[in-house]
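> Turn this into a structure:
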Amino acid sequence: MLSKPTQFFRFLFVALFLFVFQTSSFAYNYGLMDLRHQIQSLLPPESQGKVGLYLVNLNTGESLGINENEPVNPASVIKVAVMAEAYMQSAQGKFKFSDKLILRQSHKVLGAGPLFGSPNGKAFTIQYLVECMIHFSDNTATKMLIDFLGKDSINRSMKRLGLTQTVIGNSDLLKAKGLNFSTPRDQTVLLTKIAKGQVASSKACREMVFIMSQQKYRWGIPKPVSKDILVANKTGTLNGIKHDSGIVFSRQCPYAITVFSSDFRSAATAMQLIAKISDVVFTWSLIQSDPNHV
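From the prediction side, this is the model:
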């Protein structure tokens, strides 16, 4: 017969084993369907606002979508595609990022960033314009780049990358209603390729991730994420539109996610919803196992 101390320690061992097993089983079983239900519980009736979402688990390639193929005006989220095209054309030898473009009055579009208030005729490096476009969401820098790179070239490149419903019809993003389109799926496909080093080059993708990680609008996807986790995102805002699209390099389960929202009565409500969705997804990522580690 076992002594009482031995019985106690065996009981403790079994209890700890069951606890670890049960919690790890829960983590394994808490999959994308459970996450979908949790996200759907946050969404308002469609009469109060429309939401589209697409998420890709970068470890497994599994995805989750809600209205993910519904095309809408992507607003400034489209700037990630413009940045990607700049890196692809530079990789093809068409220009260097140190090359300069001249600011004209016809380039100027209201919005955040330093370019609108800069004097006509001033020259800016393409690198600086890309950084202004992402860091500050500068619409003037965006128009300069789209006009230089070419709308048709950007659209063709995005289709080659698998973005089947993304179109830039106007380089002035304030006049792009009914002309510029994308979907949550398309934007997440692009981010997934960037995260995996599949756009232009792995070095280019690392630079794009770094540029997005430095952008100043952090009200959405990055807001609930631990500060020690790298988040590379790009927001989009127009009247009645709030979007966010980003890569979250969660240790257990890195993922790419895009959330589009439109027709909300309050911009603040849409922003809070995107942050809540991000919170739920980030929490989900923390209890996923990494298939690369046994």
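
> Stretch 207-217: how far from the chain's middle?
The chain centre lies 11 Å from the centre of stretch 207-217; the measure is C-alpha atoms, centre = their mean, to the nearest Å.

> Report the buried residues of it.
207-209, 211-213, 215, 217 (16 or more other C-beta atoms under 10 Å). C-betas here are computed from N, CA, C, even on glycine.

> Mind listing what's buried along stretch 182-196?
Neighbour count says stretch 182-196 has 182-195 buried, by 16+ other C-beta under 10 Å.

> one step back: from the buried residues of stretch 207-217, which land in helices?
Of those, the ones assigned to helices by DSSP state H are 207-209, 211-213.

> quick revisit: so which of the buried residues of stretch 182-196 would you say is closest to C253?
C253 lies nearest to A195 out of those, by C-beta to C-beta, at 12.4 Å.

> Enumerate every residue touching the closest residue to that closest one other than its chain neighbours.
The spatial neighbour of A195 that comes closest, neighbours along the chain excluded (C-beta to C-beta, 6 or more residues apart in numbering), is I247 at 4.9 Å. I247 sits next to 58, 191, 194-195, 209, 212, 231-233, 254-256 when contact means C-beta atoms under 8 Å, 6 or more residues apart in numbering.

> Kindly indicate which of those lies nearest L101.
The nearest member of the contacts of I247 to L101, counting by C-beta to C-beta, is M212 at 21.4 Å.

> Reformat the contacts of I247 into CSV and put pLDDT, distance to S41 and secondary structure next to each item.
Below are the contacts of I247 laid out as CSV (pLDDT from 0 to 100; distance: C-beta to C-beta, whole Å; DSSP: H, G, I helix; E, B strand; the rest coil):
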residue, pLDDT, distance to S41, secondary structure
L58, 97, 25, coil
L191, 98, 25, helix
I194, 98, 31, helix
A195, 98, 28, helix
V209, 98, 31, helix
M212, 98, 29, helix
V231, 98, 24, strand
A232, 98, 28, strand
N233, 98, 24, strand
P254, 97, 25, coil
Y255, 98, 20, strand
A256, 98, 23, strand
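
> closest to Q127 among the residues you listed?
Distance to Q127, by C-beta to C-beta, is smallest for M212 among the contacts of I247, at 14.7 Å.

> can you tell me the helix or strand for the residue nearest to A195?
strand 241-248 (DSSP states H and E).

> Going along the chain, name the helices of the stretch 101-250 of the chain.
Shown for the stretch 101-250 of the chain, the helices assigned by DSSP state H, counting those that start in this stretch span residues 126-135, 139-149, 151-160, 184-195, 202-213.

> Reformat these as TSV; add distance to K276.
TSV is the format used below for those (distance: least, C-beta to C-beta, whole Å):
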stretch	distance to K276
helix 126-135	25
helix 139-149	28
helix 151-160	30
helix 184-195	17
helix 202-213	22
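
> and of those, who's closest to G31?
helix 184-195 (18.1 Å).

> Point out where this protein drops to low pLDDT.
Residue ranges of the chain with pLDDT under 70: 1-30, 289-294.

> Select, out of the helices of the stretch 101-250 of the chain, the one closest to L103.
Closest approach to L103 among the helices of the stretch 101-250 of the chain is made by helix 139-149 (6.8 Å; C-beta to C-beta).
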